[in-house]
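1. the following comprises the amino acid sequence and a computationally predicted model.
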Amino acid sequence: MSDSLPAVIIEPEQEANASIIWLHGLGSNGHDFESIVPLLGLKEGSNVRFILPHAPSIPISMNMGHVMPGWFDIKSADGVGRSIDSRQLLVSALEVHKLIDIEIEKGIDSERIILIGFSQGGSVNYQAGLTYDKPLAGMLSLSTFFPTAEEVIPHPANQKLPILVCHGTHDVVLDISHAEKSLDALKTLGYQPKYLTYPMAHSVCPDQITDIASWLNAQL
């Protein structure tokens, strides 16, 4: 394995002064959200480098052991509960830390780095973002769940991390109760997450893209 995850990198027209690391969901890859990037309409002066990493291919127990891109194994799942390989999640979170480190080495201030994660990618980012040892600009959690909520020890550097949680009210892959549990856990940890819901399934919708763009512009 190379020093960092392979990724789709989208450079801004001018020299980058901010970075967004965007993790895809189970069975997908870094190209999944590539088409959304041009729709975000980030404000002038926000020269954002997008890093869209590819998860390694691993057997997924829940899917009969089929090998597919995943940040961690899901051993079993129903609407409200998931049994996962926590060790693999922690390894993936450390890979996100490496990607952040690389951006800082390239001259991006940590407070100009945002983590976005969809589904499994959001689960990894909860762990990665809260435990990173330098302050980040924010974390956006899309249609996801927070499996390490009871074990995570947030780093003081990110005790005031701005967090936006988005979820679809018609999500049958990850019931909206997952978002509500995540919000409760974040509040218990001392965070003040913003929460938005949409009449959509396990996906992203146009209204949400508009809201994501507004939130990103506010953080940057």
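-> It's in. Numbers count the residues shown, from 1 in each chain.

2. is the most centrally placed residue in the chain in a bridge, and if so with what?
-> The centroid of the chain falls nearest to G117 when counting by C-alpha atoms, centre = their mean (1.9 Å). In this entry, G117 is beta-bridged to L23, S141, by DSSP bridges.

3. hmm, what's the outermost residue in this protein?
-> Using C-alpha atoms, centre = their mean, the residue of the chain lying farthest from its centre is M64. It sits 25.7 Å away.

4. Q127 is in contact with the residue nearest to the centre of the chain, correct?
-> No. With contacts counted by C-beta atoms under 8 Å, G117 stays clear of Q127, the gap being 10.1 Å. No exception for glycine: its C-beta is placed from N, CA and C like everyone else's.

5. quick check, V8 in a strand?
-> Yes. Assessed by DSSP: H, G, I helix; E, B strand; the rest coil, V8 belongs to a strand.

6. for it, give me the pLDDT.
-> Looking at V8, its pLDDT reads 98.

7. go on, G27?
-> The model reports G27 with a pLDDT of 97.

8. please apply the same query to S4.
-> Here the pLDDT value assigned to S4 is 89.

9. what about it, how many neighbours?
-> S4 has 14 neighbours, counted by other C-beta atoms under 10 Å.

10. please, which helix or strand holds I58?
-> strand 57-60 (DSSP states H and E).

11. give the pairing partners of that strand; include direction for each.
-> Using DSSP bridges, strand 57-60 pairs in its sheet with strand 66-69 (antiparallel).

12. buried set for the strand it pairs with?
-> By 16 or more other C-beta atoms under 10 Å, the buried positions in strand 66-69 come out as P69.

13. who are the packing partners of the longest helix anywhere in the chain?
-> Secondary structure of the chain per DSSP state H: the longest helix is helix 86-105. Using 3 or more C-beta pairs under 8 Å, 6 or more residues apart in numbering; DSSP states H and E, the elements in contact with helix 86-105 are strand 18-23, strand 48-53, strand 113-118, helix 120-131.

14. for those, which one sits closest to P206?
-> Set against P206 and scored by C-beta to C-beta, the helices and strands packed on helix 86-105 come closest in strand 113-118, at 15.9 Å.

15. run the chain-centre distance for the closest one.
-> Averaging C-alpha positions (C-alpha atoms, centre = their mean, to the nearest Å) puts strand 113-118 4 Å from its chain's average.

16. now swap in stretch 94-107 and tell me
-> Averaged over its C-alpha atoms, stretch 94-107 has a centre that lies 15 Å from its chain's centre (C-alpha atoms, centre = their mean).

17. need the residues that contact stretch 154-163.
-> For stretch 154-163, contacts defined as C-beta atoms under 8 Å, 6 or more residues apart in numbering pick out 129-141, 186, 189-194, 219.

18. so among those residues, which ones count as buried?
-> Neighbour counting with 16+ other C-beta under 10 Å marks 129-132, 135-141, 186, 191, 193, 219 as buried within the contacts of stretch 154-163.

19. check L115 and give its pLDDT.
-> The model's pLDDT for L115 equals 98.

20. I misspoke; the intended subject was S83.
-> On pLDDT, S83 comes in at 89.

21. tell me how far the one helix or strand it maps to lies from the chain's centre.
-> In this structure, S83 sits in strand 82-84 according to DSSP H and E. Put simply, strand 82-84 sits 18 Å off its chain's centre (C-alpha atoms, centre = their mean).

22. I'm done for today, thanks for sticking with me.
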